[in-house]
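**Q** Fold the following for me, if possible:
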Amino acid sequence: MAARINPKRSFLFVSKVLGKHLAVDPYVSLLSGAALSLLLYRELHAAQAKEYAKQSASDEQTPDIHGTRSSQTDVELEYSEDDETVNPTTDVVESLLPSVLRALTTGEGAKEAYEQLMDVQLEAKQPLSFIGFAETATALGHSMYAPFRNEATYVHTTRHHIPDLTPMIQFEEEHSHAVAHRCYAQQEGMIDGTQSIVLVDDEITTGKTTLNIIRAIHEQYPRQTYYVASLLDWRSAEHVQRYAELEQELNIDIVPLSLIKGNIAVEGQAALTHPPFMLEEIDEQVPVEWIYLDHTFQQLHDHASVDGLEQVHASPFVKHTGRFGLASADNERLDHSITSAGRRLREIRSGERTLCLGTEEFMYVPMRIGAEMGEGVSYHSTTRSPVYRTEAPDYAIHSGYVFHSAEDRSVSNYVYNIPRHGYDDVFVFLERDVRSGHLDELMDVLRTRGFRQIHVVVCGPQVEQVDGKGNVHE
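**A** You can find the predicted model right below:
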């Protein structure tokens, strides 16, 4: 737990597996989303079995056109040719769950558990649309979607304003420091269909965000079933009742899935302000190398964004991050790009202890690349979330720094818990190129942390000259 500098909500669950505020083995973070995919698969299988049993009971009571009834055994044999109830995948999923949960709990065997899970071809037997919530659950949603290898799509909400695109849906996260969510689902049928939707967030406390987005979707694109997946579910009985009321109001099914479920009680309201952010001595001699991977990742051109200062950013986004939607057919290409990037950066690594640092919403691709870069790699990300920090024993956030976002100077970013001399080198991942000088504040922070080498990895082309402080460009 940590305290938030936010009058709307005074607390924050600091995840040890999410890869946002705390550094983790990237395989552990990937596994957290993949574990939710196993829970969803099991839920889908149970629903299919229930529907089959219901249909079988109906067949028992309904005579055929010749006045005789099919035996239940005949129905089962006919159904078993294609149904998941007898598919060996179901048994594999059940056998994987203990090792996956063990790896998440202990951190041991995470790579092996993740690779075993990804080798299993999960088939939903129905179309599924996954939606991850920005910024914290962008990677969680993607890693939950990824094991489903057919009829699945993924899109994450975004804070970016892209004037030439109309969001499929918009909604607000009431308790957040940055409330607006936009959803740019560019592929037809991702949201504007009738398939089940899977909403993915890191934790659910009241569920208001979920109810907001369900209402926003259902008003325009009604359907029957919504799954709500999260690492933590802390809804009270009152909040659970609100889900039930919305189900009744809209005549829908809302199915919650979580790795941990419980109750919390919050007393009082903390009146906290940040201790002053003080940089230690900046080592100006730490070299910074710029690496551009535009030939590795497919780019999405012609969609400039506008930031909070009304400045236009024309650098292209990476096409398959999830911000604009992707489908199962895109996974192979993205996997190939990530493997290529990981191989290249692994050769560039100069130390045994390496930090891979994602930026804001750009989490999944850096996380996956970090997992491909060998042993001794840790991963986490910058964030927009202002978290109170103190060196008190057993408190989660003991150090942190503030700087302007490289993509939007009207927005403050933070990075937490980077120990001095805790790593040999760091790779900072940007989705796209930024203006000259816009990354200098973060570079100053990293130059106080004792890194011997700083690498800035841009997963797109060099569009605007980015120099500053002796940087080396590729």
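
**Q** so where is the chain shaky, pLDDT-wise?
**A** When residues are selected by pLDDT under 70, those of the chain lie in 7-8, 49-88, 173-179, 269-271, 464-474.

**Q** Please parse it into its domains.
**A** Following automatic domain parsing, one gets these domains for the chain: 26-261, 274-473.

**Q** now the ones you listed as CSV including mean neighbour count?
**A** The way it works is simple: take the backbone N, C-alpha and C, and place the C-beta from them, glycine included. Formatted as CSV, the domains of the chain follow (neighbours: other C-beta atoms under 10 Å):
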stretch, mean neighbour count
domain 26-261, 18
domain 274-473, 18
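
**Q** right, and those domains - which one's nearest V14?
**A** domain 274-473 (3.8 Å; C-beta to C-beta).

**Q** out of the domains of the chain, which comes closest to F11?
**A** That would be domain 26-261 among the domains of the chain, by C-beta to C-beta, at 8.7 Å.

**Q** gap between L439 and R223?
**A** Remark: distance between L439 and R223 (C-beta to C-beta, to the nearest Å) = 42 Å.

**Q** nope, F324 is what I was after
**A** In terms of C-beta to C-beta, F324 sits 22 Å off from R223.

**Q** Straight-line length of stretch 445-453, end to end?
**A** 13 Å (C-alpha to C-alpha, to the nearest Å).

**Q** which other residues reach it?
**A** Contact with stretch 445-453 is made by 279-284, 286-287, 289, 350-351, 355, 401, 403, 415, 418-426, 428, 454, as judged by C-beta atoms under 8 Å, 6 or more residues apart in numbering.

**Q** Could you list the paired strands of the helix or strand where L231 lies along with their orientation?
**A** Using DSSP states H and E, L231 maps to strand 225-233. The pairing partners recorded for strand 225-233 under DSSP bridges are strand 196-204 (parallel), strand 253-261 (parallel).

**Q** circling back to that earlier point, how about the domains of the chain in TSV, adding distance to F11?
**A** Formatted as TSV, those follow (distance: least, C-beta to C-beta, whole Å):
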stretch	distance to F11
domain 26-261	9
domain 274-473	10
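
**Q** Select, out of these, the one closest to L12.
**A** Among these, the nearest to L12 by C-beta to C-beta is domain 274-473 (5.8 Å).

**Q** quick check, distance from that closest one to the centre of its chain.
**A** Centroid separation for domain 274-473 versus its chain: 16 Å, with C-alpha atoms, centre = their mean, to the nearest Å.

**Q** gap between D201 and T209?
**A** Separation of D201 from T209 (C-beta to C-beta): 7 Å.

**Q** Overlap in contacts, the two.
**A** Common neighbours of D201 and T209 (C-beta under 8 Å, 6+ apart) are F133.

**Q** which one of the strands paired with strand 225-233 lies closest to S99?
**A** S99 lies closest to strand 253-261 among the strands paired with strand 225-233, at 14.4 Å (C-beta to C-beta).
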